[in-house]
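predicted coordinates and the sequence they were generated for:
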Amino acid sequence: MKNYSKMFMDIAELTAIQANCVKYKVGSVIVRDNRIILQGYNGTIPGFINCSEKFHDYDEIKMFNDHHIWSSAFEVHSEMNIICYAAKKGISLENTIMYCTHTPCNNCLKHLIQVGISKIVYKNLYIDNINFKEREELLQYIILEKYNEI
Ligand SMILES: [Zn+2]
Ligand SMILES: [Zn+2]
């Protein structure tokens, strides 16, 4: 029997390798009818300096805050990158499934709900800066499923 789920997660992980962030490498794919229609990873806007260049000597202890502030301003999360690309190209994400290497942050989650994605399958739990009370409320509107590695 074909294991599509594994194929999609493998591709999400391969996509994540492309990310230039020194802290997180996140990859996502959008699936409809068992076919990938879009994929994305986290990164800066086109033409802007990459995180790996800006923080080439990144030190987790010394630069955690600096990176966080810079990243919030200039880095686009993998999930939002997909939403923005879909908007630019006029591709509907309604009733699709997103395979993502990490659970989305609350901001991405809110927007994934708003564009009509019906389910998110994730592999790793992302817990930095997550407000879990609000997260629980958001999860009433979308299915968040842990990837089942077989
Ligand atoms: Zn970064
Ligand atoms: Zn996010």
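Structure's in. What do you need? The model shown is predicted, which means the values in this text are computed figures rather than measured ones. Ligands and ions are numbered 1, 2, ... in the order given.

what's the spacing between residue 108 and residue 126?
To residue 126, residue 108 is 10 Å away according to CB to CB, to the nearest Å. C-beta: built from backbone N, CA, C; applies to glycine.

looking at those two, which one has more neighbours?
Set residue 108 next to residue 126 and count neighbours by other CB atoms under 10 Å: residue 108 wins out with 25 against 17.

tell me which strands and helices the helix ranked longest in the chain is in contact with?
What stands out as the longest helix in the chain, according to DSSP state H, is helix 60-74. Identification of packing neighbours for helix 60-74 by 3 or more CB pairs under 8 Å, 6 or more residues apart in numbering; DSSP states H and E yields helix 51-54.

report the rounded mean pLDDT for the helix it packs on.
If you average the pLDDT over helix 51-54, you get 97.

spell out whether stretch 42-59 and ligand 2 are in contact.
No: Stretch 42-59 is not in contact with ligand 2 by CB under 5 Å from the ion; minimum separation 8.1 Å.

do that stretch and ligand 1 meet at all?
Yes: where contact is defined by CB under 5 Å from the ion, part of stretch 42-59 touches ligand 1, namely residue 51.

ok, now stretch 76-84?
No: using CB under 5 Å from the ion, stretch 76-84 stays clear of ligand 1, with a minimum separation of 10.4 Å.

that stretch near ligand 2 anywhere?
Yes: for stretch 76-84, a contact with ligand 2 is found by CB under 5 Å from the ion, at residue 77.

could you list the buried residues of that stretch?
Neighbour-count burial for stretch 76-84 flags 76-83 (criterion: 16 or more other CB atoms under 10 Å).

strands - which of these land there?
Within those, residues falling in strands by DSSP state E are residue 76.
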